[in-house]
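Enquirer: Pasting the sequence and the predicted coordinates here, then a few questions.
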Amino acid sequence: MNQYELILIFDPKMGEDKIDHFVTKVGEKIKGWGGEVEGVEKWGAKRLASIMSKAKTLQQGFYVLVRFKSPANVPGEVKAFLKVSESVVRSFLSRAVAAETVTSEKSEIAGKPLDAVSVGEIKGEPLGKPE
């Protein structure tokens, strides 16, 4: 099963009760298609950066992040469900990628640490003025 992140933008005028109800409904649909919801984060109302074609008068949007695991066919089903829904102003679904952190102090290429070299050493020229 793959991990996915779904960002939903709602009209804040809907109210948190209706938004919670719709997010619960999306979670139930994901479970029905064979996935499992790992978490839901409410980001709250935020100012929109641009005008959306679906809601041209909307100045703010209520953001919700849904993280879930599912087989590869479920994201298509979720997108189709959200497309016909009038509650969601905009949605974005992507596959979650685990971020790797670098623990070593120096960068390495092929297991060998990189050291600083001068340009003259690279070109094979002597480092000072020849006397």
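Expert: Nice, thanks for sending it over. Bear in mind that the values here come from a model prediction, so they are computed numbers and not experimental data.

Enquirer: got the contact list for the helix or strand where residue 62 lies?
Expert: Assigned by DSSP states H and E, residue 62 belongs to strand 60-70. Contact partners of strand 60-70, identified using Cβ atoms under 8 Å, 6 or more residues apart in numbering, comprise 1-12, 14, 16, 19, 23, 26-27, 30, 33-48, 74, 89-90, 96. C-beta: built from backbone N, CA, C; applies to glycine.

Enquirer: Repeat that for stretch 49-58.
Expert: 11, 48, 89, 90.

Enquirer: what does stretch 72-88 give?
Expert: Counting by Cβ under 8 Å, 6+ apart, 2, 4, 6, 8-10, 14, 18-19, 22, 26, 29-30, 33-35, 68, 91, 93, 95 sit against stretch 72-88.

Enquirer: Please indicate which of these are buried?
Expert: Buried subset of the contacts of stretch 72-88 (neighbour count, 16 or more other Cβ atoms under 10 Å): 4, 6, 8-10, 19, 22, 26, 30, 33, 35, 68, 91, 93.

Enquirer: The longest helix seen in the chain: how far from the chain's middle?
Expert: Across the chain, the longest stretch assigned as helix under DSSP state H is helix 16-32. Centre-to-centre, helix 16-32 and its host chain are 19 Å apart (Cα atoms, centre = their mean, to the nearest Å).

Enquirer: For that helix, C-alpha coordinates in CSV please.
Expert: Extracted C-alpha coordinates of helix 16-32, given in CSV (Å, rounded to 0.1, in the frame of the first residue of the first chain):
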residue,chain,number,x,y,z
GLU,A,16,-16.7,23.4,11.0
ASP,A,17,-19.6,20.9,11.6
LYS,A,18,-20.3,20.5,7.9
ILE,A,19,-16.6,20.4,7.1
ASP,A,20,-16.0,17.7,9.7
HIS,A,21,-18.9,15.7,8.4
PHE,A,22,-17.6,15.8,4.8
VAL,A,23,-14.1,14.9,5.9
THR,A,24,-15.5,11.9,7.8
LYS,A,25,-17.4,10.9,4.7
VAL,A,26,-14.2,11.0,2.6
GLY,A,27,-12.5,8.9,5.2
GLU,A,28,-15.3,6.3,5.1
LYS,A,29,-15.1,6.2,1.3
ILE,A,30,-11.3,5.6,1.5
LYS,A,31,-11.9,2.8,4.0
GLY,A,32,-14.6,1.3,1.7
